[in-house]
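> All I have is the shape, not the residue letters:
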């Protein structure tokens, strides 16, 4: 069934503010929920945070007080949505358990987008990034067993494998080599714009989460690992945000944000297994339909263009959380040794890469390597979850 959000009307804006009782959502049960329900919650939290921060930036860059007021009205409702979504996460989960779920999002969301992306250059950007998040999941899973004496399969279930990706210590690149070439807004597929904004928002939220939660640990190795991977998440945000055409006007970006929220809430509503969570997705979709119409009116007024010039005529196939094991294993077998040079990718370590490695590591092993050494010392092995057989790269198979 096709769904065109431009042809749908949602809840009128003046009826969207919720009271405290309505915002006091029941959190999911971490021991009995579908792991992908938690992934959808984490994703939509990142999407809502990006929508709020973008609206703030737009408000700071317009002199029109009426536009500021319209943005403030929608933004307050977006803030309520963000609270309702993020508060679906259970308070009983530790920061590290939530971290592992964040990395499951990064792995399976980015892998799905890479599979579906029509532009070869953008596809390669997602393929490159996902192998790094895959390794972060592996490092955090070993830290989890070491600190909390539990296994990551209690969080990711059997849906996502846990084993080495591109080793984290090789993710530290010269900042200039994290900047990609942008898509051309006048020629790119509208789906590519949605993909770029979705992955950018998810990675940005992961960066924010690690920046704020990393120092809350007492264990030195945990603090150090969050610091290292937090820096890499900053690299990832640079990597993904540079894919977006900087020639998009503020109003074009605004309608892209609102359209993307409609796309994702609709996608998640279609596949959600938890009826209480599904009701949140459905409610927020009906709110976002009206937010989209507000954004479209602003674009017509200030850009003098119709939104149909930049948006897809109907929502694409739903974005789906599902296992991507075979796809990831193919990437592990063929792309694990890539790094970046300028806006492209190479297999050989180059001068800028080696200089950055020397500067950041200072001749010592980074936390991502030391956490593995400490885990091996404590357990006599490393933690892995290899449901489809041994690692596709012989060099990274367990000794």
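Noted; the coordinates are in hand. From a predicted model like this one, the values you see are computed outputs, not experimental measurements.
> where exactly do the helices run in the stretch 151-300 of the chain?
Secondary structure of the stretch 151-300 of the chain by DSSP state H, counting those that start in this stretch: the helices cover 153-156, 190-213, 220-241, 250-271, 275-303.
> Nearest to residue 362, out of those helices?
With CB to CB as the criterion, residue 362 lies closest to helix 220-241 of the helices of the stretch 151-300 of the chain, at 12.7 Å. Where you see a C-beta, it was placed from the backbone N, CA and C, and this is true even at glycine.
> Return the set of buried residues in that closest one.
221-222, 224-226, 228-230, 232-241 (16 or more other CB atoms under 10 Å).
> Stretch 266-281 now?
Neighbour count says stretch 266-281 has 266-269, 271-272, 274, 277-278, 280-281 buried, by 16+ other CB under 10 Å.
> Residues touching stretch 70-82, excluding its own?
For stretch 70-82, contacts defined as CB atoms under 8 Å, 6 or more residues apart in numbering pick out 13, 16-18, 23, 45, 48-49, 51-52, 55-56, 58-59, 62, 284, 287, 291, 294, 298.
> returning to what we had before: can you list the helices of the stretch 151-300 of the chain in a markdown table and add distance to residue 396?
Formatted as a markdown table, these follow (distance: least, CB to CB, whole Å):
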| stretch | distance to residue 396 |
| --- | --- |
| helix 153-156 | 19 |
| helix 190-213 | 24 |
| helix 220-241 | 19 |
| helix 250-271 | 33 |
| helix 275-303 | 36 |
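> could those helices be laid out in TSV, adding distance to residue 336 and mean pLDDT?
Listed next are the helices of the stretch 151-300 of the chain as TSV, based on distance: least, CB to CB, whole Å; pLDDT from 0 to 100:
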stretch	distance to residue 336	mean pLDDT
helix 153-156	21	97
helix 190-213	20	97
helix 220-241	16	98
helix 250-271	30	97
helix 275-303	35	98
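> and of those, who's closest to residue 322?
Go through the helices of the stretch 151-300 of the chain one by one with CB to CB and the one that ends up closest to residue 322 is helix 250-271, at 8.9 Å.
> between that closest one and helix 275-303, how big is the angle?
With axes from the mean of the first three to the mean of the last three CA atoms, to 10 degrees defining the directions, helix 250-271 sits at 160 degrees from helix 275-303.
> Also compute the angle for helix 250-271 relative to helix 190-213, please.
On the basis of the same axes, to 10 degrees, helix 250-271 is oriented at 90 degrees to helix 190-213.
> Could you tell me how far residue 87 is located from residue 229?
According to CB to CB, to the nearest Å, residue 87 stands 25 Å off from residue 229.
> and the residue nearest in space to the middle of the chain, what does it touch?
Nearest to the centroid of the C-alpha atoms of the chain, with distances taken as CA atoms, centre = their mean, sits residue 202, at 2.1 Å. With contacts taken as CB under 8 Å, 6+ apart, residue 202 has the following neighbours: 42-43, 46-47, 105-106, 109-110.
> which residue packs closest to it, ignoring adjacent ones?
In space, not counting the residues next to it along the chain, residue 202 is nearest to residue 46; the distance is 4.6 Å by CB to CB, 6 or more residues apart in numbering.
> For the one you found, list the residues it contacts.
Applying CB under 8 Å, 6+ apart, we find residue 46 in contact with 201-202, 204-206.
> try it again with 10 Å
With contact set as CB atoms under 10 Å, 6 or more residues apart in numbering, residue 46 has these partners: 82, 85-86, 102, 105, 109, 198-209.
> And it, what's its pLDDT?
The predicted structure scores residue 46 at 98 on the pLDDT scale.
> Need the nearest residue in space to residue 232, chain neighbours excluded.
Among residues not flanking residue 232 along the chain, residue 171 sits closest, at 4.6 Å (CB to CB, 6+ apart).
> and the gap between that neighbour and residue 136?
Taking CB to CB as the measure, residue 171 and residue 136 are separated by 9 Å.
> Give me the common contacts of these two.
Residues touching both residue 171 and residue 136 by CB under 10 Å, 6+ apart: 165, 228-229, 232-233, 236, 368.
> where does the chain dip in pLDDT?
Of all residues in the chain, those with pLDDT under 70 make up the ranges 1.
> For it, which segments count as strands?
Secondary structure of the chain by DSSP state E: the strands cover 339-341, 344-346.
> Export the ones you listed to CSV and append columns for distance to residue 322 and mean neighbour count.
Shown next, in CSV, are the strands of the chain (distance: least, CB to CB, whole Å; neighbours: other CB atoms under 10 Å):
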stretch, distance to residue 322, mean neighbour count
strand 339-341, 28, 20
strand 344-346, 27, 14
